[in-house]
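Student: Build the 3D model from these lines:
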Amino acid sequence: MLQATVVKQTLEKRRSVGRSSSFSGIRSPRDRPRSIRFEPKTIEERVLEKKSLTDEEVAPPSDFKVTRRVGDDGLVVAWIPPPDFDAICGYIICANGEEIQRVRSADRTKAVLYNLPTGSDVNLTIQSITKEGSFSKSADTFFNPDVFNEVDSNKRC
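Tutor: Numbering: from 1, shown residues only. Just a heads-up that it's a prediction; the model follows:
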């Protein structure tokens, strides 16, 4: 008798779930949340749309540098996190003023950057992103392929 009651209640719940639109919270395909499309922006565009930083401004990463080349169009960059590490949720890396990569972890201190014009000079910048969405000032490094190749060939000897 108890088992039959449990089975009956279970079947009723399943039937009511199929009829009720409040179960999923979505009534039609138009009500479904749309995916957010990420479009790269220049530093100037991001600065204009963000509020100015507060007095408790987060510091940028330090010792930002190119550590090696990867293939014909890639570079490996590394940095040291800022001292106020707890406020950071990631980093933004830009090449020649255009955002090329977002690092979504404050723990990461290296990144591989691809599709860069490594045959010419590249100005690289990095900014810290806080949990509130504020950006730090930029830390810069400059990639010159001629100088970098000379240094790289000296290491091999």
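Student: where do the helices sit along the chain?
Tutor: Using DSSP state H, the helices of the chain run over 2-19, 43-49, 145-156.
Student: tell me the mean pLDDT over the last one?
Tutor: When pLDDT is averaged over helix 145-156, the result is 60.
Student: before we move on, what about the longest one?
Tutor: Throughout helix 2-19, pLDDT has a mean value of 64.
Student: Please apply the same query to the second one.
Tutor: Along helix 43-49, the predicted confidence averages to a pLDDT of 61.
Student: Might you report the residue contacts of the residue nearest to K110 when sequence neighbours are not counted?
Tutor: Nearest residue to K110, sequence neighbours excluded (Cβ to Cβ, 6 or more residues apart in numbering): A78, at 4.7 Å. C-beta: built from backbone N, CA, C; applies to glycine. Neighbouring residues of A78 by Cβ atoms under 8 Å, 6 or more residues apart in numbering: 63-65, 67, 109-110.
Student: Same check on S136?
Tutor: Counting by Cβ under 8 Å, 6+ apart, S136 touches 53, 57-61, 82, 127-130.
Student: which residues of this structure score low on pLDDT?
Tutor: 1-4, 6-7, 10-11, 13-56, 149-157 (pLDDT under 70).
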